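Novice: Predicted model follows, preceded by the sequence.
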Amino acid sequence: MNKIPLYNLLELSQHLSSQQINKISDKILDNKLIIKYRYIPESLENIPEILTYNENFDWEIRYEDKSNMAMLHLHSLEPIKYLLLSYNQSKNINLINKSLELLFSWNRHAVTNSNIYTWYTHCVTDRTLIIGILLLEVQNNNFENQVIIKLERLLKMHQDYLIKKEIYRELNHGTMIDRSLIFSSLILKDRESVEFSIKRLKENFDMTFTENMVCVENSVTYSIFNIELFISVEKEILNTINESISANFDSLINKSLDFISNLKMPNDTFPHFGDGEKVSLETLKSSIIYSHYSDHELFKDYKLSDEIQSHIYLNEGFIILRNQNKYLLCNSGSLRINHKHADDGSIIYYNNEEVFVDSGIYSYDKNSLRSYFKSNIAHNSLVLNNESYDYTKSNIKDGYIDNYIEKTDHFYFQLINEHYKHANIVRHIFILKDDFQILIHDQVISPINNLNTQIFNLSSTINVDFDINKPKQITLNERIIMNTDPNVDITFHNAKNKMGKYSEKFHSLINIPKLELSKSGVHQNITTLIQNRSVDAFDINTNFLEFNKLVIANNTKQFIVNLLPVHKPISLNNFLFINNINNKYFWKIYSSNYTNEEYAFYIYKNDSRFDIIWYSENKTIEYDFNEPGTYTIRCFIRNKNNHDEKVAFRSRHIIIIND
């Protein structure tokens with residue numbers, strides 16, 4: 001075990017200086033628990049009383065809207081992690097004594113007052129590393145045998161838990177489990193467990209990345225976290241015992257970093273999609289990735305040319321187009337739902353500054369904010385009837401990229417979203433190579449009269465203006481204008497209660513302006529052109545849509561965009577479409593079970609039956625929900641000529657009425 005650089009295992013994702021670590025440990029020695037630096041608490045100067053440790057401390061913290069994260073990091077024993085990192089610098093034995101005091105206090109609590117975090121796998125994996133390092137340090141410092149035996153028992157208890165097949169989860173949780181299991185098994189000299197865990201780790205490595213070495217967890221944050229985890233276990237543990245995840249480990253990690261490098265925006269930050277906080281290149285330079293792969297192109301100081309560089313990941317659902325000062329990320333599809341949002345067909349756009357931004361993630365707490373950030377309303381995509389789709393209950397393959405074509409003067413491709421049961425959305429994107437002008441043509445294939453809305457969440461620095469002489473032209477800043485087709489309603493939200501939400505870091509929330517371009521209808525289309533003000537503006541001609549053609553032209557150039565057709569009609573049966581018009585709810589049944597049908601409805605409020613609408617031939621209903629609550633509807637369809645023949649289904653639509 002002397003070969004393993006123990007404290008490198010704790011420094012993963014910490015990115016703290018020696019001075020910061022020492023300040024934190026001083027506070028903890030003074031019984032002020034720092035659970036997550038600069039987060040819980042937000043500063044070392046203002047530590048709330050609830051974080052004071054004493055003999056009556058019960059390891060249960062209710063900390064405003066950060067309670068879940070507070071409990072997660074508390075039961076991961078993050079305060080002890082800071083103490084150990086400080087001990088590694090100073091060798092102050094008081095830091096070990098304080099660590100033991102906190103650990104044994106936690107253990108007494110865990111025996112008598114277990115909660116969901118006591119044996120939550122994330123917490124267990126972190127605690128295992130801490131207990132193992134503490135055990136080695138008390139042995140090195142000749143602590144009394146009673147303390148050593150107690151730590152050995154605790155470590156064995158954690159090892160026994162981590163080896164259980166029923167608690168294992170793939171991807172980052174699995175890597176965390178096996179990293180801690182290998183570490184603890186080496187300390188306890190359990191070679192069988194080491195070999196078992198290494199085998200499982202190798203299998204998980206293959207599942208975590210695609211053939212292109214793109215992480216399947218749908219987030220820059222989680223991509224980097226997974227890469228860090230594997231580097232940590234490979235370099236800090238396995239290589240010291242002459243083992244490896246793969247004989248080609250370095251080349252595979254370099255390939256995974258190629259994707260991260262290709263994602264990089266001109267301002268040296270990364271697009272903010274999926275769960276997690278916004279990541280910058282500067283942050284990565286203080287990570288374990290940089291420690292071992294600093295020579296990768298990701299970290300090189302270079303500038304792209306004016307020529308557009310394209311990176312295509314069709315299987316993973318990403319297209320990246322960028323040059324020296326412009327950037328477009330198109331996202332549709334996924335291989336897993338892990339940390340995914342309803343972002344199929346969405347874009348992120350940068351033009352000398354961030355323009356269309358992904359809203360990010362505020363927290364993992366299940367509440368209205370979490371629902372908003374995961375919804376497609378929080379992404380730059382097309383939304384039907386102001387409502388999101390539930391990608392967790394549909395086929396993950398219902399979002400994808402199709403028909404990618406590159407010509408000498410343009411790119412063309414389609415972002416497909418088939419997650420809505422009552423509609424298929426085809427986002428045709430056409431990009432002129434000369435000056436990076438972007439045409440978005442959204443085609444909604446649906447027999448239902450939908451409200452179709454292009455959503456653009458704008459960076460807080462964008463100030464929208466309208467040209468009264470050109471009613472369908474929108475000015476975003478001194479460089480960018482947008483043109484849209486006739487019959488589109490333009491709504492710009494900059495009042496506080498209507499604005500979008502944005503969060504670069506957990507529990508850090510700001511309002512951002514939101515632009516909505518809407519059109520109602522059956523089988524409807526919306527076309528928008530994003531262009532530079534420095535060139536002669538193009539106009540959109542939609543007169544040839546029946547021939548699947550769009551024409552964009554200015555005074556000197558004309559482009560005919562051939563929209564490749566999509567042959568997937570919508571067939572609705574046993575489907576309830578619900579619409580909210582000025583706070584009045586209307587629903588309509590779509591069915592084709594019998595020649596003559598009758599319809600009845602159960603209305604459920606908070607999962608209890610609230611009202612009944614008996615059988616009639618009316619398939620369209622107007623209903624007033626005049627009490628606050630969460631409502632669902634169960635539909636019954638029977639053969640009017642034979643009442644014994646009937647079908648029933650429950651609408652997937654949830655109606656929430658607030659006070």
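Specialist: The structure has been received and is ready for your questions.
Novice: What about the residue most central in space within the chain? Give its phi and psi, please.
Specialist: Most central in the chain under C-alpha atoms, centre = their mean is Gly274, positioned 1.9 Å from the mean C-alpha point. Dihedral pair for Gly274: phi 70, psi -170, per degrees, to the nearest 10.
Novice: Which residue, other than its chain neighbours, is closest to it?
Specialist: Ser219 (3.1 Å; C-beta to C-beta, 6 or more residues apart in numbering). Backbone N, C-alpha and C define where each C-beta goes, glycine included.
Novice: close enough to count as contact, the one you found and Ile337?
Specialist: No: with contact defined as C-beta atoms under 8 Å, Ser219 does not reach Ile337; the gap is 11.8 Å.
Novice: Name the residue in those two with the higher neighbour count.
Specialist: Between Ser219 and Ile337, counted using other C-beta atoms under 10 Å, Ser219 has the larger neighbour count: 22 against 14.
Novice: From Asp275, how far off is that one?
Specialist: The gap separating Ser219 from Asp275 is 5 Å, by C-beta to C-beta, to the nearest Å.
Novice: Spit out the residues that contact those two alike.
Specialist: Common neighbours of Ser219 and Asp275, counting by C-beta atoms under 8 Å, 6 or more residues apart in numbering, are His339.
Novice: So Asp26, which state does it fall into?
Specialist: Using DSSP: H, G, I helix; E, B strand; the rest coil, the secondary structure recorded for Asp26 is helix.
Novice: can you check Ile245 too?
Specialist: coil.
Novice: Just to check, it is in contact with Lys235?
Specialist: No: between Ile245 and Lys235 there is no contact under C-beta under 8 Å: 10.3 Å.
Novice: and Ser244, how many residues sit next to it?
Specialist: 15.
Novice: Contact partners for it?
Specialist: 234, 238.
Novice: what's the distance between it and Phe230?
Specialist: Counting by C-beta to C-beta, the gap from Ser244 to Phe230 is 11 Å.
Novice: Asn68 too?
Specialist: In terms of C-beta to C-beta, Asn68 sits 27 Å off from Phe230.
Novice: So which of the two has more stuff around it?
Specialist: A side-by-side neighbour count of Asn68 and Phe230, using other C-beta under 10 Å, places Phe230 first with 25 against 15.
Novice: hang on, the more buried one in a strand?
Specialist: No: counting by three-state DSSP, Phe230 is not part of a strand but helix.
Novice: Which elements pack onto the one helix or strand in the chain whose mean pLDDT sits lowest?
Specialist: Lowest mean confidence among the helices and strands of the chain (mean pLDDT, DSSP states H and E): helix 6-10, at a mean of 74. Contacts defined by 3 or more C-beta pairs under 8 Å, 6 or more residues apart in numbering; DSSP states H and E place helix 6-10 against helix 78-90, helix 121-140, helix 220-236.
Novice: Include mean pLDDT when you put these into JSON lines, please.
Specialist: Shown next, in JSON lines, are the helices and strands packed on helix 6-10 (pLDDT from 0 to 100):
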{"stretch": "helix 78-90", "mean pLDDT": "93"}
{"stretch": "helix 121-140", "mean pLDDT": "95"}
{"stretch": "helix 220-236", "mean pLDDT": "95"}
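Novice: Using CSV, please lay out those together with distance to Asp306.
Specialist: Shown next, in CSV, are these (distance: least, C-beta to C-beta, whole Å):
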stretch, distance to Asp306
helix 78-90, 46
helix 121-140, 45
helix 220-236, 26
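Novice: Nearest to Pro565, out of those?
Specialist: helix 220-236 (34.4 Å; C-beta to C-beta).
Novice: coming back round to it: with respect to Leu100, which of the helices and strands packed on helix 6-10 lies nearest?
Specialist: helix 121-140 (6.8 Å).
Novice: downstream neighbour of that closest one in the secondary structure list?
Specialist: In the C-terminal direction, the helix or strand that comes right after helix 121-140 (DSSP states H and E) is helix 145-162.
Novice: Identify each buried residue in that next one, please.
Specialist: 147, 150-151, 154-155, 158-159, 161-162 (16 or more other C-beta atoms under 10 Å).
Novice: Of all the helices and strands packed on helix 6-10, which one is nearest Lys584?
Specialist: Comparing these under C-beta to C-beta, the one sitting nearest is helix 220-236, at 41.4 Å.
Novice: which helices and strands does the helix or strand that that closest one is followed by pack with?
Specialist: With elements assigned by DSSP H and E, the helix or strand that comes after helix 220-236 is helix 249-263. With contacts taken as 3+ C-beta pairs under 8 Å, 6+ apart, helix 249-263 sits against helix 220-236, helix 288-293, strand 309-313.
Novice: Most tightly packed of the ones you listed?
Specialist: helix 220-236 (a mean of 23; mean count of other C-beta atoms under 10 Å).
Novice: Remind me what that helix packs against, helices and strands.
Specialist: For helix 220-236, the packing partners by 3+ C-beta pairs under 8 Å, 6+ apart are helix 6-10, helix 172-187, helix 191-208, helix 249-263, helix 288-293.
Novice: what's the angle between that helix and helix 172-187?
Specialist: If you take axes from the mean of the first three to the mean of the last three C-alpha atoms, to 10 degrees, helix 220-236 sits at 20 degrees to helix 172-187.
Novice: ok and helix 220-236 relative to helix 249-263, angle-wise?
Specialist: Angle between the axes of helix 220-236 and helix 249-263 is 160 degrees (criterion: the same axes, to 10 degrees).
Novice: With only the CA atoms kept, save helix 220-236 in CSV.
Specialist: Below are the C-alpha coordinates for helix 220-236, written out as CSV (Å, rounded to 0.1, in the frame of the first residue of the first chain):
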residue,chain,number,x,y,z
VAL,A,220,-19.9,17.7,-19.9
THR,A,221,-19.7,17.6,-16.1
TYR,A,222,-20.3,13.9,-15.9
SER,A,223,-18.1,13.1,-18.9
ILE,A,224,-15.2,14.8,-17.1
PHE,A,225,-16.1,13.1,-13.8
ASN,A,226,-16.1,9.7,-15.4
ILE,A,227,-12.8,10.4,-17.1
GLU,A,228,-11.3,11.6,-13.8
LEU,A,229,-12.5,8.5,-12.0
PHE,A,230,-11.0,6.1,-14.4
ILE,A,231,-7.7,8.0,-14.5
SER,A,232,-7.7,8.0,-10.7
VAL,A,233,-8.2,4.2,-10.3
GLU,A,234,-5.8,3.4,-13.2
LYS,A,235,-2.9,5.7,-12.3
GLU,A,236,-3.2,5.9,-8.5
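Novice: Pull up the gap between Tyr87 and Ile133, please.
Specialist: In terms of C-beta to C-beta, Tyr87 sits 9 Å off from Ile133.
Novice: meant to ask about Lys156
Specialist: 16 Å.
Novice: one step back: got JSON lines for the helices and strands packed on helix 220-236, with distance to Pro513 too?
Specialist: Output for the helices and strands packed on helix 220-236, formatted as JSON lines (distance: least, C-beta to C-beta, whole Å):
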{"stretch": "helix 6-10", "distance to Pro513": "42"}
{"stretch": "helix 172-187", "distance to Pro513": "34"}
{"stretch": "helix 191-208", "distance to Pro513": "37"}
{"stretch": "helix 249-263", "distance to Pro513": "25"}
{"stretch": "helix 288-293", "distance to Pro513": "35"}
